[in-house]
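>>> sequence first, then the predicted structure, then my questions.
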Amino acid sequence: MKRQVFYSFHYKQDSRRVAQIRNIGAIEGNTSVSDNDWEEVKKGGDEAIRRWIDANMQYRSCLIVLVGEHTSERPWVDYEIRRAWNKGMGVFGIYIHRIKDPLLCRYGYMGFSNMGDNPFDKIFFENGNPLSSVVPCYNPNPNDAYNDIAEHLEEWVEKAIKVRG
């Protein structure tokens with residue numbers, strides 16, 4: 001049985017990298033949303049976005065934050081992390097700056113981006129410790145990030161769920 005997960009990421013900047021990780025197929029993630037569908041959700045304002053996130057997080061056992069260059073700055077990623085943590089879901093991150101963006105490659109760029117900040121460093125427990133003190137953010141092998149993620153994804157999901165269980 002494949003685990004059901006929710007992917008959190010910076011949609012506009014990282015969706016092509018995220019699509020590659022979704023296609024690994026080791027786990028069942030929330031369905032990809034098209035640009036048009038996401039624009040429709042956004043038109044409904046903050047409450048519509050919140051409802052969409054909450055509905056799509058139902059029945060998921062783990063949140064995977066796919067961390068690109070600007071992911072930690074995104075308010076909805078912050079909301080998704082807090083929501084998943086408060087629901088008792090497994091939570092972890094994966095840096096994706098070394099997954100090639102195929103569109104950028106077509107224009108002659110290497111397709112990589114800069115490493116983003118850890119979004120779990122910006123959320124704190126009441127005792128002042130950051131969430132990153134208990135939630136890992138994996139940095140895959142820079143020479144073969146895709147295959148490193150593919151090889152470890154199921155293991156990381158199971159570990160995150162076990163920690164929360």
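Yep, that arrived. Numbering: from 1, shown residues only.

>>> for Ile149, which non-adjacent residue is closest in space?
Computed as CB to CB, 6 or more residues apart in numbering, the closest residue to Ile149 that is not its neighbour in sequence is Pro140, at 5.2 Å. No exception for glycine: its C-beta is placed from N, CA and C like everyone else's.

>>> surely the one you found touches Tyr95?
Yes: with contacts defined as CB atoms under 8 Å, Pro140 counts as touching Tyr95 at a distance of 6.9 Å.

>>> ok, the residue nearest to Ile149 - contacts?
Taking CB atoms under 8 Å, 6 or more residues apart in numbering as the contact definition, Pro140 lies against Ile94, Tyr95, Arg98, Tyr146, Asp148, Ile149, His152.

>>> how near is it to Ile96?
Distance check for Pro140 against Ile96: by CB to CB, to the nearest Å, it reads 8 Å.

>>> hang on, the earlier thing: overlap in contacts, Pro140 and Tyr95.
Counting by CB under 8 Å, 6+ apart, Pro140 and Tyr95 have no contacts in common.

>>> for this structure, what spans make up the strands?
Listed in chain order, the strands of the chain (DSSP state E) span 4-8, 28-29, 62-67, 90-95, 137-138.

>>> how about these in a markdown table, adding distance to Gly116?
What follows is these, written out as a markdown table (distance: least, CB to CB, whole Å):
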| stretch | distance to Gly116 |
| --- | --- |
| strand 4-8 | 13 |
| strand 28-29 | 20 |
| strand 62-67 | 5 |
| strand 90-95 | 7 |
| strand 137-138 | 10 |
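
>>> turn those strands into JSON lines, including distance to Val163 and mean neighbour count.
Formatted as JSON lines, the strands of the chain follow (distance: least, CB to CB, whole Å; neighbours: other CB atoms under 10 Å):
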{"stretch": "strand 4-8", "distance to Val163": "15", "mean neighbour count": "22"}
{"stretch": "strand 28-29", "distance to Val163": "20", "mean neighbour count": "17"}
{"stretch": "strand 62-67", "distance to Val163": "10", "mean neighbour count": "26"}
{"stretch": "strand 90-95", "distance to Val163": "7", "mean neighbour count": "24"}
{"stretch": "strand 137-138", "distance to Val163": "14", "mean neighbour count": "17"}
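
>>> right, I'll leave it there.
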